[in-house]
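Trainee: let's see this in three dimensions:
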Amino acid sequence: MKFSEFKLNETILDALFYMNFEEATEIQIKAIPTILSGKDLIGCAQTGTGKTAAFVLPTLNQIADAPSDGVQVLILCPTRELAIQIDQQIQGIAYFTNASCYPVYGGGDGVSWEAEADALKGGADIIVATPGRLMAHMARGYVKFDTVKHLILDEADRMLDIGFYDDIIKIIDSLPEERQSLMFSATMAPKIRKLAKEILSDPDEISVAISKPADGVTQKVYLAHEEQKVALVRHILGDKEDFQAIIIFCSTKKKVEKLARTLLQKGYSCQGISSDYEQDAREEALRDFRSGKTRIMVATDVMSRGIDIKGIDLVINYDVPGDAEDYVHRIGRTARAKTEGMAITLVCADDMFKFSKIEQLIDRELEKDQPPTELGEGPSWRGQSRGKSGSKGGGKNDRGPKKEKPRGTKEGKSDRKPARAKRDGEQPKREKKQREPSPYRLLYDALPNPKKGKPAGPPAPEVTE
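Mentor: Here you go, the predicted structure:
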């Protein structure tokens, strides 16, 4: 189905044209008509399905020609990385409209705090915020949400995992009762159902690809002792020299630092990222990885959800994630939006039971391979699988690291100032804020306005989230 069939605002369609964004994904086909009708919605969808555009397009459509003096759309999400990504996508889609957006996420200096405060006082039509940072602003007493017409919770399950339930309820209590509420989650656990009952009114429910890896992901498993893993990773990287974008997930921040340092010393183009890294370093690492300057990213689960990076060829699970659902999110970094990719998981003896739970979740038993002969024999498979036992091998029962529960990341800073809120007395015309441009805006600035004819210029990066 083409986006032109949704009867979206012409300015939005102009932006989609430049982004080479023509065919809607399944979640967009299901969600956009419901949202345009004004109904509440609960959607269950993995990342990589076009979920972000599914709520941004219809919501923006309803405010595109009618910017107000206050915030009209409030989007809550769990991490600053996701807030930045959503904000940048809105910048692209809203480029030819009069609507403005500003991200609110913590950890910055006084300048970023004041910029966020100005946006919350009426300098932006759309606010994308992490709950903790937004609550800090609300405690100052100047945040008024009387004009909010649309509430969106993205990655709701992740926000509850981090512990934002109470903050979410307090924020929602400050909103007008007459509003449209949308909630998106990668899982539909009982706690999500409970939250939906509290904040949604007679919602439509849609579901796409619940807890299943994308069809284009080739999944492989190696049975390896802990002390074999670094050498095995190097073997995999050497065997996949044509793969240009690789993410390696580790269970702890200490492992991220150690593995990234080891690979860098061995001559690989590699960077690490975790919540221990300073915000500037994390954002620079992400930019380098997106641009292709860095080939390998070693990360904790801070990157496994929501962050949309195109063209990932390979995901390596250095450790089996503690939560079976997180396996799906990790390998969801590759084979996004109908592309193909590979995911390789290294399973030590202590992780076998956890991995058998993953196989139950994805309803598939994966073949287990031994490491190459020169690396020695790995452990024998002794999981709770329902079919063949996989590769056999001796070896001692190696102890894995103590599981570190994924945490919410520290929230970052922004040095961008929004337009000032209108003051009492004479009201000057609100100017569009000068923003740090997203990649889409940089492309638009190089091309003529579509109202004067659509050029056959270079396509923008494809948007899938």
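
Trainee: ok, now which ones touch the nearest residue to Ala231 once chain neighbours are set aside?
Mentor: For Ala231, ignoring the flanking residues on the chain, the nearest one in space by CB to CB, 6 or more residues apart in numbering is Leu375 at 5.3 Å. In this view, the C-beta of every residue, glycine as well, is placed from N, C-alpha and C. Leu375 is in contact with 224, 228, 231-232, 235, counting by CB atoms under 8 Å, 6 or more residues apart in numbering.

Trainee: by neighbours, which of those residues wins?
Mentor: Ala224 (30 neighbours; other CB atoms under 10 Å).

Trainee: how close does that one sit to Gly341?
Mentor: 21 Å (CB to CB, to the nearest Å).

Trainee: again, but for Gln28
Mentor: Gln28 is 22 Å from Gly341, by CB to CB.

Trainee: check contacts around Val128.
Mentor: Taking CB under 8 Å, 6+ apart as the criterion, Val128 is in contact with 75, 77, 83, 86-87, 90, 101-104.

Trainee: from Lys310, how far off is it?
Mentor: 21 Å.

Trainee: got it, and Ala285?
Mentor: Taking CB to CB, one finds Ala285 at 16 Å from Lys310.

Trainee: more neighbours, the two?
Mentor: Between Ala285 and Lys310, counting by other CB under 10 Å, Ala285 is the more crowded of the two (21 against 13).

Trainee: so the more buried one sits against Met297, correct?
Mentor: Yes - in this structure, Ala285 is within contact of Met297 by CB atoms under 8 Å, at 7.0 Å.

Trainee: residues that sit against both of these two, list them.
Mentor: Shared contacts of Ala285 and Met297, counting by CB under 8 Å, 6+ apart, come down to 271-273.

Trainee: isn't Ala64 up against Glu10?
Mentor: No - between Ala64 and Glu10 there is no contact under CB under 8 Å: 9.3 Å.

Trainee: those two: who's more crowded?
Mentor: Ala64 (20 against 14).

Trainee: quick one: pLDDT of the more buried one?
Mentor: At Ala64, the model reports a pLDDT of 86.

Trainee: mind checking which of Gln28 and Gly341 has more residues around it?
Mentor: A direct count of neighbours by other CB under 10 Å for Gln28 and Gly341 places Gln28 higher, at 25 against 22.

Trainee: element containing that one, please.
Mentor: Element membership of Gln28 [criterion: DSSP states H and E] is helix 26-37.

Trainee: figure out how far that helix is from the centre of its chain.
Mentor: Helix 26-37 has its C-alpha centroid displaced from the chain centroid by 20 Å (CA atoms, centre = their mean, to the nearest Å).

Trainee: what's the answer for stretch 144-157, then?
Mentor: 18 Å.

Trainee: mean confidence (pLDDT) on it, please.
Mentor: Stretch 144-157 comes out with an average pLDDT of 95.

Trainee: mind exporting that stretch as CSV, just the C-alpha atoms?
Mentor: Only the C-alpha atoms of stretch 144-157 are listed here, as CSV (Å, rounded to 0.1, in the frame of the first residue of the first chain):
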residue,chain,number,x,y,z
LYS,A,144,1.6,22.8,31.5
PHE,A,145,0.1,20.2,29.2
ASP,A,146,-3.3,21.8,28.8
THR,A,147,-2.9,21.7,25.0
VAL,A,148,-1.8,18.1,24.6
LYS,A,149,-4.0,16.2,22.2
HIS,A,150,-1.9,13.1,21.6
LEU,A,151,0.0,10.9,24.0
ILE,A,152,2.3,8.2,22.7
LEU,A,153,4.2,5.6,24.7
ASP,A,154,7.0,4.0,22.7
GLU,A,155,8.8,0.9,24.0
ALA,A,156,6.4,0.8,26.9
ASP,A,157,7.6,-2.6,28.1
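
Trainee: how about it, which residues are buried there?
Mentor: When burial is assessed from 16 or more other CB atoms under 10 Å, stretch 144-157 yields the following buried residues: 145, 148-157.

Trainee: can you redo those residues as TSV with secondary structure and distance to Phe55?
Mentor: Output for those, formatted as TSV (DSSP: H, G, I helix; E, B strand; the rest coil; distance: CB to CB, whole Å):
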residue	secondary structure	distance to Phe55
Phe145	coil	18
Val148	coil	15
Lys149	coil	14
His150	strand	9
Leu151	strand	11
Ile152	strand	5
Leu153	strand	10
Asp154	coil	7
Glu155	coil	12
Ala156	helix	12
Asp157	helix	16
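
Trainee: picking that back up, restricted to helices, list the contacts of Leu375.
Mentor: 231-232, 235 (DSSP state H).

Trainee: which one of those residues sits closest to Met188?
Mentor: Among these, Leu232 lies closest to Met188 (CB to CB), at 35.6 Å.

Trainee: residue boundaries of the helices in the stretch 51-200 of the chain?
Mentor: 51-63, 80-93, 110-118, 131-138, 156-162, 165-173, 190-199 (DSSP state H, counting those that start in this stretch).
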